[in-house]
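**Student:** Sequence first, then the predicted structure:
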Amino acid sequence: MTRTQSPAVALAERLSRPQRIGVFGHRGVGKTTLLTMLYREAVGGRLPGLRLAAADTRTAEYLSDKVLQLEVGQPLPATLGETELRFHLYHKGARVELVVMDYQGEHVALGREEPIRDFLRQCDAVWLCLDVPVASAPGPCLQAQQEVEQLVEDYLSAESPLVPHRPMALVLTKADLLGQPGAPRAPREGPEGLKELVDQGFGMTRHALESHCPYHGLFAVSSLGGPMVSHKEEGEGTATFRPTPLGLDGPLTWLADALRAQDEARLQRLWELAAGELDLLQRATDTLARRYPDAPETAAFQARLRQQKAGRRRRRAVSALAVAAGLFFTLCGYDAWGHAQAKRFTAQHADDPVAVRQHWRSYQAWHPTRNVLRSASAARAEEERLEALDQTIHERERDERLRELRILAKDPYAGPDTVSALAKRFRADFPEQDVDADMARFFAGVKAKHEAQVAQRARLAREQKIVRDGEAKKQREQKARVAYLELQKAEGSAGLPTLIEQSNRWLGAFGGTAHEADVKRIRTAYRKRLDERAFEVARDYSARYPLNFHTRRLRYQEYLDRYPDGAFVEEARTSMARASGDWDRHDFRAVRDHYQNKPGDTKELQVLCRAYLGAHPEGRFRTATTGLLRWTEQVTETREYKVVLKSGSFDASVAHTVSRGASLSVEIEVGGVRYGPSTIVKRSYSPEWDYEFPRKVKWKMGDSVRIYVTDHYFWRRKVAEYASPEGDVLAMQRLAGETSMGPHRVTFESDFALPVLPRIE
């Protein structure tokens, strides 16, 4: 739910915000030109006593562009959007922040509801801009005045009657056209002439201003001052058009005075509405002092505010003293009543010092201010009374607990620990009372009695142990013999693990009896037989499944886990190492055989290499496999290789019939790109070129290789050619060795090479 502001708060907000100035006028009246020329003249110091500065960069850039257009003689285009302009107006020591809206004139036409009308309703002052030529045309003049009537009605419907009326000024633009054809005749000099001109053309508007705007003004201005004069700058070939505005200081001076009078009236009204709201008045007064620091009315309002603050401080001080006095006397009565209640309770319960002390402690807790007014002797007497009560309670408790301790010490059935704990607590609570003599007598009797009981129990225990040991040994020997016979009987039916477990149980239960050595010997024989059987299982599995390398290792590892001290531990470890070596060689053989048979099948080679590396991270052929895997990845990408043409061997048929020998050069083509030709070796059938192709050869797996041999005797004649066959994915190896072309051979060297895998032993 929206909370409505009070009239005082709304008035203070309106007074403290930047002043909103409405420039009202229909399209073509010259609003933008008027604002531009006001800025130009006031900034340039051509309006005495006035200065109008742009308050932000946006305003300065907006107006500077328009000033440049006017100075070169270009009329300003029609305004199409709404632009907020911010200024600082300086006049007679005052500094006022202004907000002006430049907008499209059609938006204030009759019947239009545009956002600019909301801005005009909230303005603090308005210039009603009507151009002089309209006054000579009854139709447009009536429409323009009706638009002004609409603005005045909007203002009257939106404003509270308690708020001072805002100033309005009628500004007649294009005053330089007065007296020209199609325009009203020029008025006589002075204010009376201007009033006569307004009465003739704009009587409706003047009547509205006189009826509803006590502070209003009439002005006739010309932003450009008629035809602009051309001035040619010295030393330059261009002309500058300088407008000569007329009467611009009048509206701006009237605006500064009107805003000041309106601010003073608003602050005076705020004092009438909220004389007790000093924070609100402080903010409004600070705003007035910031805008008009040298005005006498500002000093008067500040003095009035200081008087109000001083009065408020005096009232608050008196109220605080009254409250403090009331609180003081209330506390005094409350403490006196509490003290009387405590004394009455003490008299009624004189035989119960514990309850009396508790009551006095409660009195002290609920009356912390009891010692503020009474004398120090009364407070000291209260403390002495409490100390006496504490002493009485202490002595009663000490006597009661001492009596209980002495009764318990004389009890023949009392435990020493109980009596000692009770005595220890008594010493801690009552250190002034000596109970050492009582405790010494008690413990002397307890010690003598305890020593006699211990000696008697020890003698009986020794006699009983002798009897029990003899009987137990005899029974244990009998049970051991029966268990030994059962172990021998189980040899014919039970398995070796069961027999070993039964032997362990016998030794654990009957160790040290007559048959202990026999049982240990039998258990050793059982373990040896079981050890041999377990190793034989692993060895037999390896013989039957030689290619199950992982399972072979598991069988031997199981034997080692079960029999870490067995007779075949070393043989089992050797067999595990042999299985690992067989497995390593088997997997690498698959890689090597596939590489030798199909070196161009890189996908399968990569699968086999990764499988080998995953299964044998520490394998013997890990380095060779890693190099092969890296090679398969490299040849699938385009790489550059250095190629050197070393030599050749050619049949004599390559020479031309009438020549004295062949003059040969070689050109290669890799992946459709030609490299060379090489240098020419003249009249030789075994040329030695030793020529390195200056441009490195780009090749990837699958690219074709062609070799062209040309004879240069008088003309170029191709004498031999080699083309890698279709399907030769490693054709680059033809440029890394000797290549035959029928009876002819060419030898190359290259940094391309096929990996060489080690042999498998």
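**Tutor:** Yep, that arrived.
**Student:** Would you agree Phe748 falls within a helix?
**Tutor:** No: Phe748 sits outside any helix when classified using DSSP: H, G, I helix; E, B strand; the rest coil, being strand.
**Student:** Enumerate every residue touching it.
**Tutor:** Counting by CB atoms under 8 Å, 6 or more residues apart in numbering, Phe748 touches 643-646, 734-739. Just so you know, the C-beta spots here come from the backbone N, C-alpha and C atoms, and that holds for glycine as well.
**Student:** Run a quick neighbour tally on the closest residue in space to Arg206 that isn't next to it in sequence.
**Tutor:** Counting by CB to CB, 6 or more residues apart in numbering, Arg206 lies nearest to Val198, which is 5.0 Å off, once chain neighbours are set aside. Residues near Val198, counting by other CB atoms under 10 Å, number 20.
**Student:** what does the one 4 residues further on give?
**Tutor:** Burial measure for Phe202: 24 neighbouring residues, criterion other CB under 10 Å.
**Student:** And it, how far from Pro140?
**Tutor:** Using CB to CB, to the nearest Å, Phe202 is found at 12 Å from Pro140.
**Student:** I'd like to know which of the contacts of Phe748 are part of strands.
**Tutor:** Mapping these onto strands (DSSP state E) picks out 643-646, 738-739.
**Student:** Let me know the closest of these to Ala655.
**Tutor:** Leu645 (19.6 Å; CB to CB).
**Student:** for the residue nearest to Arg206, phi and psi?
**Tutor:** For Val198, the backbone dihedrals (degrees, to the nearest 10) come out as phi -70, psi -40.
**Student:** Now tell me what touches stretch 78-86 from outside.
**Tutor:** For stretch 78-86, contacts defined as CB under 8 Å, 6+ apart pick out 18, 27-28, 31-32, 35, 54-56, 58-59, 62-63, 97-105, 115-116.
**Student:** What subset of these is buried?
**Tutor:** Buried by 16 or more other CB atoms under 10 Å: 31-32, 35, 54-55, 59, 62-63, 98-105, 116, out of the contacts of stretch 78-86.
**Student:** Out of those, which sit inside helices?
**Tutor:** Among the buried ones among the contacts of stretch 78-86, the members falling in helices (DSSP state H) are 31-32, 35, 59, 62-63, 116.
**Student:** Need those residues in a markdown table (columns: distance to Arg481 and pLDDT).
**Tutor:** Formatted as a markdown table, those follow (distance: CB to CB, whole Å; pLDDT from 0 to 100):
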| residue | distance to Arg481 | pLDDT |
| --- | --- | --- |
| Lys31 | 132 | 85 |
| Thr32 | 131 | 89 |
| Leu35 | 130 | 89 |
| Thr59 | 122 | 91 |
| Tyr62 | 123 | 90 |
| Leu63 | 127 | 89 |
| Ile116 | 124 | 85 |
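**Student:** what two of those residues are the furthest from one another?
**Tutor:** Leu63 and Ile116 (19.1 Å).
**Student:** Output stretch 89-96 as PDB, restricted to C-alpha atoms.
**Tutor:** The C-alpha trace of stretch 89-96 is given here as PDB (Å, rounded to 0.1, in the frame of the first residue of the first chain):
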ATOM      1  CA  LEU A  89      22.100  29.800 -12.500                       C
ATOM      2  CA  TYR A  90      24.200  32.400 -10.700                       C
ATOM      3  CA  HIS A  91      22.600  35.800  -9.900                       C
ATOM      4  CA  LYS A  92      23.500  38.300  -7.100                       C
ATOM      5  CA  GLY A  93      25.500  35.700  -5.000                       C
ATOM      6  CA  ALA A  94      22.800  33.000  -5.500                       C
ATOM      7  CA  ARG A  95      23.400  29.600  -7.000                       C
ATOM      8  CA  VAL A  96      20.300  27.700  -8.200                       C
END
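**Student:** Which residues belonging to that stretch are considered buried?
**Tutor:** So stretch 89-96, judged by 16+ other CB under 10 Å, has buried residues 89-91, 94, 96.
**Student:** So for the residue nearest to Arg206, what's the pLDDT?
**Tutor:** Predicted confidence (pLDDT) for Val198: 77.
**Student:** residue ranges for the helices of the stretch 551-700 of the chain, please.
**Tutor:** 569-597, 602-615, 622-635 (DSSP state H, counting those that start in this stretch).
**Student:** counting contacts, what elements does the second one pack onto?
**Tutor:** Using 3 or more CB pairs under 8 Å, 6 or more residues apart in numbering; DSSP states H and E as the contact criterion, the neighbours of helix 602-615 among helices and strands are helix 569-597, helix 622-635.
**Student:** can you tell me the average pLDDT over it?
**Tutor:** 90.
**Student:** Could you tell me the angle between that helix and helix 622-635?
**Tutor:** 150 degrees (axes from the mean of the first three to the mean of the last three CA atoms, to 10 degrees).
**Student:** Lowest-scoring secondary structure element of the protein by mean pLDDT?
**Tutor:** Within the chain, confidence by mean pLDDT, DSSP states H and E is lowest for strand 229-232 among all helices and strands, at a mean of 45.
**Student:** And Ala509, how far from Thr253?
**Tutor:** Relative to Thr253, Ala509 is positioned 126 Å away (CB to CB).
**Student:** Which one of those two is surrounded by more residues?
**Tutor:** Thr253 (18 against 12).
**Student:** in the helix or strand harbouring that one, what counts as buried?
**Tutor:** Take DSSP states H and E as the rule and Thr253 turns out to sit in helix 249-273. Neighbour-count burial for helix 249-273 flags 249-256, 258-260, 262-264, 266-267, 269-271, 273 (criterion: 16+ other CB under 10 Å).
**Student:** low-confidence ranges in the stretch 1-150 of the chain?
**Tutor:** 1-4, 133-139 (pLDDT under 70).
**Student:** in it, which spans are strands?
**Tutor:** With DSSP state E, counting those that start in this stretch as the criterion, the stretch 1-150 of the chain has strands at 19-24, 50-54, 83-91, 94-102, 125-131.
**Student:** so can I have a markdown table of these showing distance to Val72?
**Tutor:** Listed next are these as a markdown table, based on distance: least, CB to CB, whole Å:
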| stretch | distance to Val72 |
| --- | --- |
| strand 19-24 | 24 |
| strand 50-54 | 21 |
| strand 83-91 | 22 |
| strand 94-102 | 21 |
| strand 125-131 | 23 |
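**Student:** All set now, cheers.
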